[in-house]
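Asker: Give me coordinates for this.
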Amino acid sequence: MTQPLFQEASANAVSVDHILYLLLGISGAILLLVVLLILVFAIRYRRGSRAPRGELPAYYSRDIEIGWTSATVFVAIFIFWWGVTRPFASQMETGSPLEIHIYAKQWMWKAEHPNGAREINTLHIPDDTPVRLVMTSQDVIHSFFVPAFRIKQDVLPDRYTQLEFRAVRPGSFRLFCAEYCGTEHSNMIGEIAVMTPGDYERWRDAQPHSDSIAAEGEALFHALGCSGCHDPNSSVHAPDLRGVFGHPVPLQDGRTVMADEAYLRDSILLPQKDVAAGYAPIMPSFSNIVDDSQITRLIAYIRSLAEQGKEAP
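Answerer: Residues are numbered from 1 along each chain as shown. Predicted coordinates:
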């Protein structure tokens, strides 16, 4: 049974709600003050009243101006600070989060788990476990929105966006696309099934799946001939991919970029964009050869080289 949308079902939901209550309280107080002043002036200076209507005294108080301006600036800075830091404080989890890949497409959500298990319009996750979604769109802009988790993240074509959260309440929760993406936008809905860690493991193992994403990426790495150039013993002078993920990469133009998912994707599809320092721009583009799913597998394999200390073939 799907849970109500307003439930606080993630670790950062309470913080988001507190920010909302604060904004509503401040807005309500300002509204009440304005309404009261309108009523006071409307009654005191109504037609026929004996209120003095002569010229107002010509005075100017710099202290008053500085006071209300400073107070307004302080409140604005405080709201900005709280709004930026509080929702993400609960996401500072220890250990590696469970990474799941999300592909948005008119009009469905496709999910792929680390062991290769796949599902459409449903995402099973364990509760009280950090989850990291790596998302991309296969056509237009979508937006991954789970009201009960108080999370929303745009999903863009030709780019990776990430979203981290920790569900704290088992149950079934609605998933929506919050960005108009075409005629069937309103039907692009799904479900987040939060399970106990034990139930999640049993569900995951029972699903039909192939090799892990990294293992499939390794096979694709060989099939596309990537190992012929990126092997340390290759005669072609190409970067060694062992340990490159998550580390800074100096470029020919003097810049330094972080080797994350976006950089690796660009290196596969647009190899002339950011050429590593000390290497010739000879790598061909694979833009018409691999799709988003294959790119995800290649990146997962390259990432595994860094995480597991595995030697490239």
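Asker: In the stretch 51-200 of the chain, mark out all the strands, start to finish.
Answerer: Listed in chain order, the strands found in the stretch 51-200 of the chain under DSSP state E, counting those that start in this stretch are 98-105, 108-112, 118-120, 122-126, 130-137, 142-146, 151-155, 161-166, 171-177, 189-195.
Asker: Go through those and name the closest to Gly254.
Answerer: Set against Gly254 and scored by CB to CB, those come closest in strand 161-166, at 27.7 Å. No exception for glycine: its C-beta is placed from N, CA and C like everyone else's.
Asker: Grab the longest helix from the chain for me.
Answerer: Longest helix of the chain, by residue count under DSSP state H: helix 13-44.
Asker: number of nearby residues for Gly246?
Answerer: Using other CB atoms under 10 Å, Gly246 has 11 neighbouring residues.
Asker: If you could redo that for His185, that was the one I meant.
Answerer: His185: 17 neighbours (other CB under 10 Å).
Asker: What of Tyr45?
Answerer: By the measure other CB under 10 Å, the count of residues near Tyr45 is 11.
Asker: re earlier: tell me what the longest helix of the chain is packed against?
Answerer: The contact analysis (3 or more CB pairs under 8 Å, 6 or more residues apart in numbering; DSSP states H and E) places helix 13-44 against helix 62-89.
Asker: Report the inter-axis angle for the helix it packs on versus strand 161-166.
Answerer: Here the directions of helix 62-89 and strand 161-166 differ by 80 degrees (axes from the mean of the first three to the mean of the last three CA atoms, to 10 degrees).
Asker: Show me how far helix 62-89 is from its chain's centre.
Answerer: 27 Å (CA atoms, centre = their mean, to the nearest Å).
Asker: same deal with stretch 160-167?
Answerer: Centre to centre, stretch against its chain (CA atoms, centre = their mean), the figure for stretch 160-167 is 5 Å.
Asker: how much space between the closest residue in space to Gly83 that isn't next to it in sequence and Val75?
Answerer: Computed as CB to CB, 6 or more residues apart in numbering, the closest residue to Gly83 that is not its neighbour in sequence is Ile19, at 5.3 Å. Look at Ile19 and Val75: by CB to CB, to the nearest Å, they are 13 Å apart.
Asker: cool, Gly48 as well?
Answerer: Applying CB to CB, the value for Gly48 to Val75 is 40 Å.
Asker: Ok, Asp274 next?
Answerer: 43 Å.
Asker: more crowded one of the two?
Answerer: Under the criterion of other CB under 10 Å, the comparison of Asp274 against Val75 puts Asp274 first, with 16 against 12.
Asker: ok, and for stretch 267-275, which residues are buried?
Answerer: 267-269, 271, 274-275 (16 or more other CB atoms under 10 Å).
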